[in-house]
Every structure is written in C-alpha cells, then in structure tokens.
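Q: Model the following, please.
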Amino acid sequence: MLPSDKNLSNPPQGRIDSLFTHFRHRLAHVDALPQLALLGLASGIVTGLIAVAFRLAIEWPLELFLPAHDSEGFESLPLEARLIIPLVGMLLIALVMRGRSKTERQCGVGHVIERYQQHQAHLPAKNAIVQFVAGSLAALSGHSVGREGPAVHLGATCSSLLGQKLGLPNNSLRIMVGCGVAAAIAASFNTPLAGVIFAMEVVLMEYTVTGFIPIIIASVSGALISRVCFGDDPAFSIPDLTMGSMLELPFLIFCGIIVGLASSVVLKLHKYIQDLKTLSLTTRLFIAGILTSLAAAFVPEVMGVGYDTVETAMLGGFSFTLLLTIAVTKLLLSTVTIALGVPGGSIGPTLVIGACLGGAIGMVGASISPDNAANSGFYATLGMGAMMAGVLNAPLAALMALLELTYNSAILLPAMLVIVIATITARLTSRLPGLFLIGRNPESFTSPVFQSLSRAGVTSLMNRNFISHSPLLPLDQAEVLLNQHPDWIVIEDNNGDYFILRPSDLAHHIQAMEADKRPQSVIDLMEIAGERWQLHPIHSRSTLQEALVLIRENNGFAVHVIQPATETSSPIAGIITRDQIDNYYQ
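A: From the prediction side, this is the model:
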C-alpha cells in the first residue's frame with residue numbers, strides 16, 4: 001500500500017521541527033554562542049530597519065515643511081508657529097493615548113528595563129506602536145525630546161517579538177532585547193561600540209562573553225544599515241579637539257562638578273514631577289504643551305532633537321549668555337515634559353544640555369587663562385559626555401560615545417576625569433540611580449544570583465531520568481522500575497497533580513515487606529513511607545530564576561518542565577529541584 005501525500009510530506013517537516021527544537025534547546029544553555037550570534041544578526045538587521053524608519057518618519061515631514069528644508073530648523077519659524085505647533089502636537093498625542101490603559105501607555109528605555117528585568121524580556125507590541133506614533137508626533141511638533149529613547153524601545157520590542165515568534169527560551173529573549181538596544185543606539189549615533197556598552201551597562205547591567213558576541217554583531221549590523229541609508233558621518237560634526245595644557249586639570253575637575261550638579265538637578269526634578277500622580281494624563285500633556293510653547297517663544301533653540309544646537313555649541317557659535325540660557329531652559333523643559341509623560345527620549349536633550357553647559361564653562365576658562373585653555377568646543381564635547389554619564393549613570397557608555405564621535409583618542413584622558421567626577425557628584429548629591437531606574441528597585445535584579453540564574457533556561461538543567469506512574473504500582477512492575485535506576489519516580493494522583501518520590505523509598509518499602517513477610521501484589525506509592533513533594537509546572541522557555549521564584553512562592557522543592565505537545569509526547573519533559581538550582585550558582 002502506498003503512503004498518502006500527507007505522509008510523504010511529513011518527514012521533511014518533521015526534520016525541520018526537530019532542528020528548531022534542537023536550536024531552542026541549545027539556546028537554554030549559557031554557552032550557545034553560534035545560535036546567539038545568528039539571533040544577534042537578525043536582531044541587528046530588524047532594529048536597524050525600524051530605527052531608520054523612525055528617523056525618516058521624523059525627518060521627511062520636517063524637511064518638507066520647515067524653512068530651508070532643514071529638519072532642525074525650528075529656530076527659523078515665526079513666533080506664531082512656535083507657539084501653536086507644540087500645542088497641536090500635544091493634542092494629537094493626547095488623542096493617541098486616549099482610551100489606552102496605563103500599562104499600554106508606558107514607553108521608553110525605562111519601560112524596556114522594567115520588561116527586561118521583571119517580565120523576562122517580553123515586550124508587548126501595543127506599547128511599541130504607541131511609542132512610534134506618539135514619539136514621532138512629539139519630535140515633529142518641536143517638543144524638547146530625543147529620538148534615541150524611542151528607537152531603543154522600538155528595537156528592543158522588535159527583537160523581543162522576533163524571539164517570541166520563534167519560541168525562544170526566556171534567557172535568549174533577554175539577549176535579544178540587549179541586541180535590539182545596542183543596534184538602536186548604534187544606528188542612531190553611528191557608534192557601534194557605544195551601542196554595545198550602553199546595552200550592557202544600562203539595560204542588561206552585566207558584562208558577559210555570552211552577551212558580548214551577539215550584541216556586538218547586532219550593533220555592527222544596525223550601524224551598517226544606518227550608514228547605508230544616511231552615510232558614514234557620525235551624528236555630530238566635531239572639530240579637532242586638543243587639551244591646552246596640564247594646567248587645565250583643576251578646571252576639568254570644576255567642569256565635572258558643575259555638570260554633575262546639573263545632572264543631579266535633572267534626576268531630582270524628574271523624580272519630583274513623576275511623583276505628582278494626581279493629574280490626569282491629558283492635563284499633564286496640556287501642561288507640557290504650554291511650557292514648550294512658552295519656552296520656544298523666547299528660546300527657539302530648545303525645540304526639537306537639538307543636534308544642530310550641539311554642533312553650534314561645539315563650533316563656538318553661541319555667546320556665553322545664550323549657552324547658559326539654552327542649557328538651563330533645555331534642562332528644565334526636557335526634564336519636566338518627559339516626566340509629565342511626553343513619549344520622547346531623554347538621551348538627546350541630555351547631550352544638548354551638556355554641550356551648552358560645557359561650552360559655557362570653556363568660555364569662562366578661556367577668559368581666565370586664554371593662553372592655556374582649550375577652546376570652548378573641547379569643553380562642550382566633554383560636557384556632553386559628562387552629562388550623559390551623570391544623568392543615565394552610564395560612564396563607560398558615555399566615554400565610548402565620545403571616542404567614536406570624535407575619532408580622537410586624545411579626548412580619553414580628560415573625558416575620563418570629567419565623566420567620573422560628574423557621575424560621582426550626581427550620585428552623591430541626588431542619592432538616586434540613573435534616570436531610567438527612578439521609581440524602580442534596581443537591587444532586586446542586579447544581584448549576582450539573579451543575573452546568573454536569568455542567563456540559563458530550565459531545559460539546560462532539568463533532569464530527564466525519571467519514570468512516571470500512577471499511584472498504584474504492581475509489585476512485579478516495581479522491581480522492573482527500580483532496575484532502570486531512575487533518579488525520581490513521578491506520581492500522578494487522581495486530581496491530576498504530580499508528586500515525586502525517591503526510588504530508594506520504594507526499594508526500602510519492598511525490603512520491609514520481604515523482611516516482615518507481608519507481600520503486597522500492589523503498592524500504593526502515595527501511602528508508603530517516604531518524602532513526596534508536589535511538582536509545580538513551569539514552561540520550557542522559562543529561566544532558572546523563574547523556576548526558583550516558583551519554588552519559593554509555593555514553599556516547594558521541585559518543578560516539572562512542560563513543553564508544547566509538538567516537541568514531546570510526555571506532559572513532563574524534566575524535573576528541577578531546589579538543590580539543583582542551589583548547586584548551579586554556588
């Protein structure tokens with residue numbers, strides 16, 4: 001009898017399913033570098049494309065409608081336009097947010113960190129859609145927000161959704177999100193190394209070889225896609241920068257302290273505004289629109305992303321008074337509007353504030369010692385990196401960003417000094433973590449145990465050497481079972497609950513029966529002397545950290561791993577005990 005067409009097509013499909021199953025099982029291990037490298041490449045390409053799309057969604061309309069077809073040309077708008085456009089933008093954003101739950105409205109890097117640490121890197125698509133639309137509207141209407149934070153959110157979400165679609169274990173989803181973050185930063189600034197460090201310093205909060213490889217690949221991929229679309233130039237045109245003399249060291253320390261204090265103001269003000277939860281979102285957005293309109297009327301340089309303002313500050317195109325005015329106005333406006341709920345990024349405004357503040361400090365130094373001081377562009381560059389480090393609590397990412405943006409290794413020594421001092425000053429004076437961690441508890445997900453267990457999936461540690469049986473076990477089958485030397489006997493009771501029993505307890509019971517000459521044809525596994533622990537189900541995509549939490553919540557001893565029916569015919573794929581988890585990280 002010939003097999004049917006369906007049977008003829010099953011073997012290739014079965015082999016494909018088997019390959020994917022093996023691929024997913026390998027990803028549960030911490031050393032699955034080849035598989036993670038492929039995922040990093042896919043994540044980098046997807047994130048690069050979405051980052052380019054988001055940037056074009058902002059730049060194309062602005063180039064079409066702003067004077068001189070300049071996407072940064074808000075300063076050239078008449079006063080009436082600068083007053084009206086931010087209000088119209090806030091009205092549209094309020095309409096986008098209307099009817100959505102508080103959970104669906106969450107956006108930005110802080111949302112990515114929360115989902116990464118507390119929801120096993122599962123990022124919902126609805127939030128990303130809100131971020132794309134509302135984030136574009138905020139930038140298009142001249143609000144003092146950046147596009148890098150939304151790009152990070154979009155890249156992380158696309159990478160997470162890709163991993164979820166492929167059915168990857170949660171420990172791999174965490175790497176995928178890191179890849180999306182790195183690729184987004186790399187595509188935004190054309191700084192692949194800074195993207196890697198930002199992802200690991202700000203979001204992953206750990207450095208591992210297993211994480212480095214796929215994240216590097218993703219960052220390079222994202223940067224390459226950005227370069228294909230926008231060219232090889234970095235985000236800013238930075239002049240040649242050199243330190244005047246070693247006599248500037250005290251002034252560099254002063255620069256770090258001032259920028260650190262400014263960072264502290266940002267952090268404290270953000271927390272204060274964020275804690276004002278009595279106002280509705282519509283009211284908060286309306287207030288943000290009013291504040292932006294008023295600020296734009298007097299200081300139009302604060303409108304938009306502000307990259308043109310950064311370049312002008314570096315080239316010395318602003319006076320001392322204007323630099324201070326822009327820095328103070330941008331600091332207050334960006335911090336308040338973002339804390340009020342405007343779905344924009346805070347990285348770009350941080351760079352603008354730092355560049356203007358640093359440029360002003362450089363002018364002071366030049367007036368005090370014109371023969372020994374470097375130009376104001378040098379201090380503007382240092383201020384940009386120091387402000388980023390102080391506000392985001394990301395000193396290494398800020399240092400790498402300066403190195404890649406300037407292509408000048410001579411910037412490293414003064415940058416390291418200023419960045420470290422600014423970061424320490426911000427921490428000491430604000431007593432707050434980085435901007436994205438305000439209102440969260442970073443200690444709960446930065447412990448070594450949490451990080452170690454989150455890197456491995458349950459299928460990498462589960463014990464497959466078990467035998468399942470109903471509570472009633474014939475004596476002859478009991479002897480056959482023990483001869484197979486299982487580590488555990490899994491018992492399914494009449495209620496569908498699973499329990500585990502050590503085979504040694506069954507062996508002792510049989511020996512006791514023989515010694516007492518009380519033969520039993522059937523043994524009740526739920527009644528014999530011995531310890532039985534109830535098993536609690538956990539999905540095969542889960543991490544060891546999730547398994548430990550489940551055991552603790554149920555005051556239990558073990559969990560059983562369940563897999564989709566397509567991957568196994570048994571409802572239980574393996575068993576993980578508390579002792580196994582303890583031995584893993586000890």
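Q: From here on, just use CA atoms for contacts and neighbour counts.
A: OK.
Q: Which positions within whatever helix or strand residue 164 lives in qualify as buried?
A: With elements taken from DSSP states H and E, the one containing residue 164 is helix 148-165. The neighbour-count criterion (16 or more other C-alpha atoms under 10 Å) identifies 148-164 as the buried residues of helix 148-165.
Q: count of neighbours near residue 73?
A: When neighbours are counted by other C-alpha atoms under 10 Å, residue 73 registers 21.
Q: which strands and helices sit next to the helix holding residue 164?
A: Other elements packing on helix 148-165 under the criterion 3 or more C-alpha pairs under 8 Å, 6 or more residues apart in numbering; DSSP states H and E are helix 33-65, helix 108-118, helix 125-140, helix 170-189, helix 347-368.
Q: rerun at 6 Å
A: Of the remaining helices and strands, those touching helix 148-165 by 3 or more C-alpha pairs under 6 Å, 6 or more residues apart in numbering; DSSP states H and E are helix 33-65, helix 108-118, helix 170-189.
Q: how about the strands in this structure?
A: Using DSSP state E, the strands of the chain run over 466-469, 472-474, 488-492, 498-501, 522-524, 532-539, 558-562, 574-577.
Q: Between those, which one is closest to residue 66.
A: Of all the strands of the chain, strand 532-539 sits nearest to residue 66, with 52.7 Å by C-alpha to C-alpha.
Q: just checking, which of the helices and strands packed on helix 148-165 sits deepest inside the structure?
A: Looking across those with neighbours counted as mean count of other C-alpha atoms under 10 Å, the highest average goes to helix 170-189: a mean of 33.
Q: any idea of the mean pLDDT in that helix?
A: Model confidence over helix 170-189 averages 92 on the pLDDT scale.
Q: Stretch 332-348 too?
A: Regarding stretch 332-348, the rounded mean pLDDT is 93.
Q: Stretch 412-426 too?
A: In this model, stretch 412-426 carries a mean pLDDT of 96.
Q: Next: stretch 502-510.
A: Looking at stretch 502-510 alone, the average pLDDT works out to 90.
Q: With stretch 373-386 instead?
A: The predicted model assigns stretch 373-386 a mean pLDDT of 89.
Q: can you pull the buried residues of it?
A: For stretch 373-386, a neighbour-count test (16+ other C-alpha under 10 Å) marks 373-386 as buried.
Q: Please flag which of the residues you listed sit within helices.
A: Within the buried residues of stretch 373-386, membership in helices is found for 376-386, as judged by DSSP state H.
Q: Rebuild the residues you listed as a markdown table, extending it with distance to residue 397.
A: Output for these, formatted as a markdown table (distance: C-alpha to C-alpha, whole Å):
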| residue | distance to residue 397 |
| --- | --- |
| 376 | 23 |
| 377 | 21 |
| 378 | 19 |
| 379 | 18 |
| 380 | 17 |
| 381 | 14 |
| 382 | 13 |
| 383 | 14 |
| 384 | 12 |
| 385 | 9 |
| 386 | 11 |
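Q: Distance check, the closest residue to residue 61 other than its chain neighbours against residue 448.
A: With C-alpha to C-alpha, 6 or more residues apart in numbering as the measure, residue 140 is the residue that lies nearest to residue 61, at 7.6 Å, once sequence neighbours are left out. Using C-alpha to C-alpha, to the nearest Å, one gets 43 Å for the distance from residue 140 to residue 448.
Q: Dump stretch 269-283 to CSV, restricted to CA.
A: C-alpha atoms of stretch 269-283 as CSV (Å, rounded to 0.1, in the frame of the first residue of the first chain):
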residue,chain,number,x,y,z
LEU,A,269,13.3,67.3,39.3
HIS,A,270,12.3,64.2,37.2
LYS,A,271,11.5,62.3,40.4
TYR,A,272,9.5,65.2,41.9
ILE,A,273,7.4,65.6,38.8
GLN,A,274,7.0,61.9,38.3
ASP,A,275,5.6,61.5,41.8
LEU,A,276,2.8,64.0,41.1
LYS,A,277,0.2,61.4,40.2
THR,A,278,-2.9,63.4,41.0
LEU,A,279,-3.2,65.0,37.5
SER,A,280,-4.7,63.1,34.5
LEU,A,281,-2.5,62.3,31.5
THR,A,282,-4.4,64.8,29.3
THR,A,283,-3.8,67.6,31.8
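Q: Check the spacing between residue 204 and residue 41 real quick.
A: When C-alpha to C-alpha is the yardstick, residue 204 and residue 41 sit 18 Å from each other.
Q: same check, this time on residue 582
A: Separation of residue 582 from residue 41 (C-alpha to C-alpha) stands at 34 Å.
Q: and what of residue 527?
A: Computed as C-alpha to C-alpha, the residue 527 to residue 41 distance reads 55 Å.
Q: ditto for residue 400
A: To residue 41, residue 400 is 22 Å away according to C-alpha to C-alpha.
Q: Could you chop this structure up by domain?
A: Residue ranges for the domains of the chain, per automatic domain parsing: 24-236, 251-277+301-445, 455-585.
Q: Same list as before, these that is, but in JSON lines and with distance to residue 283 included.
A: Rendered in JSON lines, the data for the domains of the chain read as follows (distance: least, C-alpha to C-alpha, whole Å):
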{"stretch": "domain 24-236", "distance to residue 283": "9"}
{"stretch": "domain 251-277+301-445", "distance to residue 283": "9"}
{"stretch": "domain 455-585", "distance to residue 283": "39"}
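Q: neighbours around residue 119, how many?
A: Counted with other C-alpha under 10 Å, the neighbours of residue 119 add up to 14.
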